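J.: sequence and predicted structure, then a few things I'm wondering about:
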Amino acid sequence: MIKTAEPKSTAANSNSDKVKSKKVLDPKSQFIGASLSMSWQLAIVVLVPIVGGYKLDEHYKTSPLWVIVGFALAMIGFFVIIQRALSEFNDNVYNKDKK
């Protein structure tokens, strides 16, 4: 009877293990990434409705009406972005703890 040696781990297997371990970011990197992502989203969500309302007021000669509507839309968008960012961050934290 011929005995065979157990298969050795290949370089591809050890590289894939290293890649998997690099996908997990430290909390500081997660916070910086989430902050940068949230900052440009908030800038767009807040500035576009307010500037759009100002331009509509200039065009239709209705002084504060469209700016107030734009401000209300901006606040709704602001809370949506904050809630989504917090839920994503919480999902990442809790999924990391379960692993």
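T.: Okay, I see it.
J.: show me what secondary structure element comes after the helix or strand of the chain with the lowest mean pLDDT.
T.: Lowest by mean pLDDT, DSSP states H and E among the helices and strands of the chain is helix 11-22, with a mean of 52. As assigned by DSSP states H and E, the chain's next helix or strand after helix 11-22 is helix 27-60.
J.: mean confidence score for that next one?
T.: Helix 27-60 shows a mean pLDDT of 93.
J.: buried sites along it?
T.: Neighbour-count burial for helix 27-60 flags Gln30, Met38, Gln41, Leu42, Val45, Val46, Pro49, Ile50, Gly52, Gly53, Asp57 (criterion: 16 or more other C-beta atoms under 10 Å). Where C-beta positions appear, they are placed from N, C-alpha and C, glycine not excepted.
J.: on contacts alone, who are the packing partners of the helix or strand containing Ala74?
T.: Taking DSSP H and E as the definition, one finds Ala74 inside helix 65-98. Helices and strands touching helix 65-98, by 3 or more C-beta pairs under 8 Å, 6 or more residues apart in numbering; DSSP states H and E, are helix 27-60.
J.: run the angle between the helix it packs on and helix 65-98 for me.
T.: For helix 27-60 against helix 65-98, the angle by axes from the mean of the first three to the mean of the last three C-alpha atoms, to 10 degrees is 170 degrees.
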